[in-house]
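Asker: What would the 3D arrangement of this be:
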Amino acid sequence: QVQLVESGGGLVQAGGALRLSCAGTGRTFGEKAMGWFRQAPGKDREFVAGLSWSGAITSYADSVKGRFTISRDNDKNIMYLYMADLNVEDTAAYSCAASTRNRNYISRVAIDYNSWGQGTQVTVSS
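Answerer: Residues are numbered from 1 along each chain as shown. Predicted coordinates for the structure are as follows:
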């Protein structure tokens, strides 16, 4: 099973940018579709972005499309989420996870993912 650790969160002003990293251990990291989710206080966890095992197929939530970019480097067992033009609604705890579905299928539901990381907090100030 893959173990995941997120990093890169922090406090940023509205309009700023951050890059989150998700480092994985385990030889199967490069074989799995992966995803980023976020959860704000008092709200349900929501899908942010996902990508296939190779990174060739990506999917984004409408709320982040055009602002966020997901990518991966399987040689280094790392996945990234570059977030630009951040706004206060992006404030949340961001977590990465490995999909249990087909490696080319990007699910948007959390139940299709396991091996969750501990999360990294992103706070956007106005």
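Asker: Model confidence at residue 111, what's the number?
Answerer: At residue 111, the model reports a pLDDT of 97.
Asker: May I have the phi/psi pair for it?
Answerer: Residue 111 has phi and psi values of phi -60, psi -20 when expressed as degrees, to the nearest 10.
Asker: where's it relative to residue 67, distance?
Answerer: 26 Å (C-beta to C-beta, to the nearest Å). Yep, even glycine has a C-beta here, placed from its N, CA and C like the rest.
Asker: neighbour count winner among the two?
Answerer: The neighbour count for residue 111 versus residue 67, taken as other C-beta atoms under 10 Å, is higher for residue 67 (15 against 7).
Asker: thinking that one is in contact with residue 83, fair?
Answerer: Yes. The pair residue 67 and residue 83 passes the contact test of C-beta atoms under 8 Å, sitting 6.8 Å apart.
Asker: what's the distance between residue 30 and residue 78?
Answerer: Per C-beta to C-beta, residue 30 is found 10 Å from residue 78.
Asker: Oops, could you answer that again for residue 20 instead?
Answerer: With C-beta to C-beta as the criterion, residue 20 and residue 78 are 11 Å apart.
Asker: same check, this time on residue 25
Answerer: In terms of C-beta to C-beta, residue 25 sits 11 Å off from residue 78.
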